[in-house]
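Enquirer: this one's sequence-less:
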């Protein structure tokens, strides 16, 4: 009975943040599917079309993911012995999604004949395809097919008619129930479909969504509101592609291009700020490597399009960056966001990453899976981040892979050029306490102060995760790691092992330290 009560409470605490539109469309799509099943409704998989090959400046090539019937996604490879099973699900849904995105059409080295054969295989199997006909993969596949077909000047009626039908399936299933980056991907793709088929219906819906969603999803400081540097890179790539599309194809001239350029300038500015000097992004929230184009690739692409970044200050996204001659420090003093779609958020308030002389020292533990399993739960938990956990409980109730029930809120912040102090209430309801963390970033040292106010009976644990290959040593009340010394005003310091996840399905052994303290802790990182 207690478990049932907790489950209901978790659902209520999660669902109360949803927008009416999300709830409405979840119910609408559910009821519609039941009615359509009774009526034996089926979409048309071919729609008479007339395509217009688009022109684009060179974009960013996809990662090499296909060779001789072997596909490599998320560091998992699979070779089909003969016919490709487009429903292959033995590696999880995200792998299946990647198979049907067709990103590999735009990788270097794929032949035109191979690519057409793969497209034909997919079209021939469309009546039996499941995940690949969901709106998200349709969106990505549409853009990839159009880029490929236009690059090679291919004009095949079978392919065009299939693609046109898929766009109308997408139009009938826009992801209003999810919103966020999913709905934005729908909008980006509709723009490509609109230009390729010169379709006013697709264009009007795309323009409407792009204006509404980019105004909401791109924060004033230029960050994407889901607060993942990786997803920011992906969204920036899409906007750059849309600018490329509109600039080089004279079909419409109604202000959308100017709107997109304003957005891309501040997005470039944010990415420039959040990226470390060596080109890495911090792996904050759901971020990992070798998924999105790199910051350098995006910068080079923007220059090809003659676009400039706008200088911005990190603010609305909740991230702050302190840079001195020998180190770069990025800290998170913001809320989980956005409230109605926190699926890519972690329980990591006051987390930080530290690079010393261009190399990672203290890092986020990364992201290795989207499967709803123990590993996913661990990677989203407070103990997997460089912050403080109270009584072995998460700051925010992350659960179910992509859900958050009660979530931490920042209730006070003060800052200056080398200083930021913030307080969160993540443990107030359960334990009657507030956590205040102060970062002071000086030329040769960083001082981090933690203050747990309220209940003195709590057990507080601070975590610091070190990059693989670095071995910490405890020396009295300090930790030596390479040339960096961390002075800690606690005698309860333990060195433990963890798995660092720089990419999907890739883990590397590394060390972290666990510091147990009561009410107050001061750490002084001497560079």
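Expert: Cool, the structure landed. The model shown is predicted, which means the values in this text are computed figures rather than measured ones. Numbers count the residues shown, from 1 in each chain.
Enquirer: Find the residue closest to residue 72 in space, skipping its chain neighbours.
Expert: residue 65 (5.2 Å; C-beta to C-beta, 6 or more residues apart in numbering). All C-beta spots, glycine's among them, are computed from the backbone N, C-alpha and C.
Enquirer: Revised request: answer the last question for residue 45.
Expert: Spatial nearest neighbour of residue 45, chain neighbours left out: residue 126 (4.6 Å); criterion: C-beta to C-beta, 6+ apart.
Enquirer: mind listing what's buried in stretch 380-397?
Expert: 380-390, 393-397 (16 or more other C-beta atoms under 10 Å).
Enquirer: Quick check: the farthest pair among those residues?
Expert: 386 and 397 (20.2 Å; C-beta to C-beta).
Enquirer: show me the residues around the residue nearest to residue 72 that make contact.
Expert: Residues in contact with residue 65, defined by C-beta atoms under 8 Å, 6 or more residues apart in numbering, are 71-73, 98, 103-104, 107.
Enquirer: Over to residue 404?
Expert: Residue 404 makes contact with 14, 336, 342-343, 345, 396-398 under the criterion C-beta under 8 Å, 6+ apart.
Enquirer: Now name the helix or strand holding the residue lying closest to it once chain neighbours are set aside.
Expert: Computed as C-beta to C-beta, 6+ apart, the closest residue to residue 404 that is not its neighbour in sequence is residue 342, at 4.3 Å. Under DSSP states H and E, no helix or strand contains residue 342.
Enquirer: Mind pulling up the pLDDT for residue 342?
Expert: Model confidence at residue 342, given as pLDDT, is 94.
Enquirer: Surely residue 230 touches residue 290?
Expert: No - contact between residue 230 and residue 290 fails when scored by C-beta atoms under 8 Å: they sit 9.9 Å apart.
Enquirer: Between these two, which is the more surrounded one?
Expert: More neighbours surround residue 230 than the other of residue 230 and residue 290, with 23 against 13 (other C-beta atoms under 10 Å).
Enquirer: so what's the more buried one up against?
Expert: Contacts of residue 230 by C-beta under 8 Å, 6+ apart are 281, 283, 286-288, 291-292.
Enquirer: tell me which of these is nearest to residue 368?
Expert: Closest approach between the contacts of residue 230 and residue 368, by C-beta to C-beta: residue 288, at 7.5 Å.
Enquirer: Report pLDDT for the closest one.
Expert: Looking at residue 288, its pLDDT is 98.
Enquirer: How about the one 3 residues further on?
Expert: The per-residue pLDDT reported for residue 291 equals 97.
Enquirer: which residue sits closest to it in space, ignoring its chain neighbours?
Expert: Excluding the flanking residues, the one nearest residue 291 by C-beta to C-beta, 6+ apart is residue 230, at 5.9 Å.
Enquirer: try residue 235
Expert: residue 224 (5.1 Å).
Enquirer: What's opposite the one you found in the beta bridge?
Expert: Counting by DSSP bridges, residue 224 forms beta bridges with residue 218.
Enquirer: average pLDDT across the host helix or strand of residue 25?
Expert: Per DSSP H and E, residue 25 falls inside helix 20-39. Regarding helix 20-39, the rounded mean pLDDT is 97.
Enquirer: how far is that helix from where the chain is centred?
Expert: Its chain's average C-alpha position is 27 Å from that of helix 20-39, according to C-alpha atoms, centre = their mean, to the nearest Å.
Enquirer: partners of the helix or strand just after it, with directions?
Expert: Downstream of helix 20-39, the next assigned helix or strand under DSSP H and E is strand 66-67. Strands that pair with strand 66-67, judged by DSSP bridges, come out as strand 70-73 (antiparallel).
Enquirer: Would you mark the buried spots in the strand it pairs with?
Expert: Residues of strand 70-73 classed as buried by neighbour count (16+ other C-beta under 10 Å): 71-73.
Enquirer: swap in stretch 445-457?
Expert: Using 16+ other C-beta under 10 Å as the test for burial, stretch 445-457 gives 445-452.
Enquirer: mind listing what's buried in stretch 72-90?
Expert: Neighbour counts over stretch 72-90 (16+ other C-beta under 10 Å) mark 72-74, 78, 84, 86 as buried.
Enquirer: So which of the buried residues of stretch 380-397 belong to strands?
Expert: If you go by DSSP state E, the buried residues of stretch 380-397 have 388-390 in strands.
Enquirer: And those residues, which is closest to residue 174?
Expert: Ranked by distance to residue 174 (C-beta to C-beta), these are led by residue 389 at 39.4 Å.
Enquirer: Tell me which residues touch the closest one, please.
Expert: With contact set as C-beta under 8 Å, 6+ apart, residue 389 has these partners: 382-383, 395, 460-461, 463.
Enquirer: run the last query once more with 6 Å
Expert: Going by C-beta atoms under 6 Å, 6 or more residues apart in numbering, residue 389 touches 382-383, 461.
Enquirer: the inter-axis angle of the lowest-mean-pLDDT helix or strand in the chain versus helix 20-39?
Expert: Using mean pLDDT, DSSP states H and E, the weakest-scoring helix or strand in the chain turns out to be helix 2-15, at a mean of 76. In terms of direction (axes from the mean of the first three to the mean of the last three C-alpha atoms, to 10 degrees), helix 2-15 departs from helix 20-39 by 110 degrees.
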